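Visitor: Just the structure for this:
(chains A and B)
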Amino acid sequence: MNIVVVGLSHKTATVEIREKVAFAPTHMDKPLRELVALEDITEGIIVSTCNRVEIYATTRDIAGGIARIKRFLTDYHHIPMEALEPHLYSYHGETAIRHVFRVAASLDSMVVGEPQILGQIKTAYGYAAEYKSSGIILNRFLHKAFSVAKRVRTETKIASSAVSVSFAAVELAKKIFGDLSDKTVMLIGAGEMCELAAKHFLNNGVRGVMVTNRTYERAVKLAEEFDGKAVNFEELFDQLHKADIILSSTGAPHHIIGPKDVEEVIRRRRQKPMFFIDIAVPRDIDSRVNKVPNVYLYDMDDLQGVVATNLEQRNREAQKAEAIIDQEIGQFFKWLSTLDATPTIVALRGKFEEVRQVELGKTLANWKDIEPEEQKRLEACTAAIINKLLHQPTSLLKRAGQGGRTDLYVDALRNLFDLEMAAQQPETEELGELEE
Amino acid sequence: MNALLFNLTMGAYFLATLTYLFYLFKPRPTLGRISHWVISGGFIIHCMFTLDRYLEAGHTPITNLHESLSFFSLAIVGIFIAFERKYKVSILGSFVTPLALVILLISALFPSAIAPLNPALKSKWLAVHTTMAFFGYATFAVAFGAAIMYLIQEHFLKNKRLGPLYQKLPSLDTLDEINYRCLTFGFPLLTFAIISGAIWAETAWGTYWSWDPKETWSLITWFIYAALLHGRLTTGWRGRRAAILAIIGFFVMLFTFLGVNLLLPGLHSYK
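Guide: Below you'll find the model as predicted:
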């Protein structure tokens, strides 16, 4: 049985294409059912996010299976094959396994290490499990992918540093203040960036928000949104000492805060540190403010510099992650290959033969006066019993191997008879992980 | 027995220094825990060494440079373990344990034989005065370590050079807090050490204060830390300024302890 992957991602297709082939998360039963109804496609999962649409499936016939899945994608979304095909990639065998492990571990993401993708795959798997389009192979495959992703997260620092400007600001604040729960953020001016950063600060537990704006009404409106306090712009310097973190993004053509102002404010605060974040262009805060003791000023360029360093670190960590994936692929591949019929038949026969020998040995040990002729007949008889018993399952397995669902029988036999095969069984994780 | 315990302590501190320095490069929680157990083990052995010596000599074993340096090192490790537990900053060990190790190594350079007690020191004040002084010194040594860390971290944040060390060091606030806590423990200890010393001087030498070099330098040290504490409580000397003062205070204190004993002749020059 082969695992195949067919799909497209932000690396191969523009958003215009991606949105055309996206699957609506609310109606996953229909495509999943159609997918596994395709000829020679036994199991299937559809992952559909804003950055990628991918189908994982099992098939006996690699080329045919891939072609049928491609056809399914175009038919389902009513797109001509010529329009879609150049954007599609397809993998099978080891490269398919590697691809899915890399996607789950967020190595293939637009922002390497971003955490959402794992949850999205878990959701996709949840649909497949619900509509019974995934079976033994994909179940174990996806669980393996989840555990690989988890290993990558815990053993590398791939997701440990902020890669967006507003997260970088929050991290810096934590390095300055430690605990943010008794800190107040002040917003000067309004802007999307500024509001986003303020939200991140609130999510990280800051105590309060103050908002000021040249038009007081806007300040009031924004303050309401954050459950904060509006401050008259003229009173900025009377109130500034109450703020620990200042987010500034006015449209002013020149500096509105200079080093002298800040020296005055910091004295009023008895040197309690202040963190100024200037996301306005042109800048609102004189860069000399950074020289005032216990004051830290970061402008847009500084924050972007932080993000760039973090991204570099992520890319270094990604290499460690690739090594982890290499290890895990080997393990999983071994398990997959044991799902073939022949080694199972051999192992099953071996197991029966072993039992026969042990029992025969026990009987003969207590049967002192047995004639050689009698012993021969006893052996022939027991061997015949085994052959008779195994005849039906063996021929069924062989026939199943030519075009049915061998893996079901193989897996059942392995469990029923506790068959040891060349490969070790990869650990399965509880489905409960889906709820994470 | 005594020498064995001393050598074991040195071994443990050496190992702890290695693991804590290694922790600086690979801050794995397991490594932090191992380091913590090694230094704690060393501390227990060091306590046993000190107790053994006390029983053997029959008086508080802080009467010559070998003993007092060893006790200084013991106090630093003790205070450090307490702070590490409270603030969960294993990385403080990367800065403090090397200091404790170096002080213990210097102590090993001085003769370790137990000499008969100098008659001037035969007093119940010996135990009080010396332990207080050394625990005071030790908290200032930990403050020194935290202050160095503060200055490094502040440098990173001001210059926007956020490398690997920046990520491993704790927040400025935590470091400043440790510095402040050390001050609030160390300052009263130093104060009581000076007062108990004065009382003892009155009973031993007949005068509370004789401007002996040790007394003078202790007073200078005391003024530095008093200024720091005062500045902190009134005008907010915190952060960088507090860190710099903690470093200056530490060096003046070291001179009060070692420089005076070794360089300036006076009543306190016990070698």
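Visitor: Domains in the chain, by residue range?
Guide: Reading this off chain A. A:2-155, A:165-307, A:339-420 (automatic domain parsing).
Visitor: I was after chain B.
Guide: Chain B is divided into the following domains under automatic domain parsing: B:1-117, B:135-271.
Visitor: Which one of the domains of chain A lies nearest to B:Thr235?
Guide: domain A:165-307 (6.4 Å; C-beta to C-beta). Glycine gets a C-beta too; all of them are placed from N, C-alpha and C.
Visitor: mean confidence for the closest one?
Guide: Average pLDDT, domain A:165-307: 90.
Visitor: Can you give me the end-to-end span of that domain?
Guide: Taking C-alpha to C-alpha, to the nearest Å, the first and last residues of domain A:165-307 lie 7 Å apart.
Visitor: ok, whichever residue of the stretch 101-250 of chain A sits closest to chain B to A:Val112 distance?
Guide: Closest to chain B within the stretch 101-250 of chain A is A:Gly178: 3.7 Å, counting by C-beta to the nearest C-beta. Counting by C-beta to C-beta, to the nearest Å, the gap between A:Gly178 and A:Val112 amounts to 29 Å.
Visitor: what does A:Ile62 give?
Guide: 29 Å.
Visitor: Could you pull up the residues touching B:Asp131?
Guide: Careful, residue B:131 is Thr and not Asp. B:Thr60, B:Ile62, B:Phe71 (C-beta atoms under 8 Å, 6 or more residues apart in numbering or on different chains).
Visitor: For the stretch 1-150 of chain B, which segments count as helices?
Guide: B:2-25, B:29-57, B:65-87, B:92-109, B:125-159 (DSSP state H, counting those that start in this stretch).
Visitor: would a markdown table of the ones you listed with mean pLDDT be doable?
Guide: Below are these laid out as a markdown table (pLDDT from 0 to 100):
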| stretch | mean pLDDT |
| --- | --- |
| helix B:2-25 | 92 |
| helix B:29-57 | 92 |
| helix B:65-87 | 92 |
| helix B:92-109 | 93 |
| helix B:125-159 | 93 |
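Visitor: so which of these comes closest to A:Thr212?
Guide: Closest to A:Thr212 of the helices of the stretch 1-150 of chain B, according to C-beta to C-beta: helix B:125-159, at 25.7 Å.
Visitor: May I see the buried residues of the closest one?
Guide: Buried positions in helix B:125-159, judged by neighbour count with 16 or more other C-beta atoms under 10 Å in any protein chain shown: B:125-126, B:128-154, B:156-157.
Visitor: Surely A:Gly205 and A:Gly178 touch.
Guide: No - applying C-beta atoms under 8 Å, one finds A:Gly205 not in contact with A:Gly178, separated by 11.8 Å.
Visitor: what about B:Trp37, neighbour count?
Guide: Neighbourhood size, B:Trp37 [other C-beta atoms under 10 Å in any protein chain shown]: 12.
Visitor: again with B:Leu162
Guide: 20.
Visitor: So it: helix, strand or coil?
Guide: Secondary structure for B:Leu162, judged by DSSP: H, G, I helix; E, B strand; the rest coil, is coil.
Visitor: Contact residues of the stretch 101-250 of chain B facing chain A?
Guide: B:153, B:157-158, B:160, B:162-163, B:166-167, B:170-174, B:177, B:235-241 (C-beta under 8 Å from any C-beta of the partner chain).
Visitor: Just the buried ones from those residues?
Guide: B:153, B:157, B:160, B:162, B:166-167, B:170-174, B:177, B:236-241.
Visitor: what does stretch B:181-198 contact?
Guide: In contact with stretch B:181-198 (C-beta under 8 Å, 6+ apart) are residues B:79, B:83, B:125, B:128-129, B:132-133, B:135-140, B:142-143, B:146, B:208-209, B:215, B:218-219, B:221-222, B:225-226, B:228-229, B:232, B:246.
Visitor: Flag every buried residue along that stretch.
Guide: For stretch B:181-198, burial by neighbour count (16+ other C-beta under 10 Å) applies to B:181-183, B:185-187, B:189-190, B:192-194, B:196-197.
Visitor: Kindly report the same for stretch A:210-229.
Guide: Those would be A:Met210, A:Val211, A:Thr212, A:Asn213, A:Ala219, A:Leu222, A:Ala223, A:Phe226, A:Gly228, A:Lys229, for stretch A:210-229 by 16+ other C-beta under 10 Å.
Visitor: of these, closest to A:Gly7?
Guide: A:Phe226 (40.4 Å).
Visitor: Nearest spatial neighbour of the closest one, chain-adjacent residues omitted?
Guide: Leaving out its chain neighbours, the residue that sits closest to A:Phe226 by C-beta to C-beta, 6 or more residues apart in numbering or on different chains is A:Val209, at 4.2 Å.
Visitor: Likewise for A:Gly135?
Guide: Nearest one to A:Gly135, counting by C-beta to C-beta, 6+ apart, is A:Glu43 at 4.4 Å.
Visitor: if we can go back for a sec, so A:Gly205 and A:Gly178 - more neighbours on which side?
Guide: Each of A:Gly205 and A:Gly178 has its neighbours counted (other C-beta under 10 Å); A:Gly178 has more, 18 against 11.
Visitor: Let me know how buried the nearest residue to A:Pro282 once chain neighbours are set aside is, in neighbour terms.
Guide: Computed as C-beta to C-beta, 6+ apart, the closest residue to A:Pro282 that is not its neighbour in sequence is A:Pro253, at 6.3 Å. By the criterion of other C-beta under 10 Å, A:Pro253 has 7 neighbours.
Visitor: and A:Pro253, helix, strand or coil?
Guide: A:Pro253 ends up coil, using three-state DSSP.
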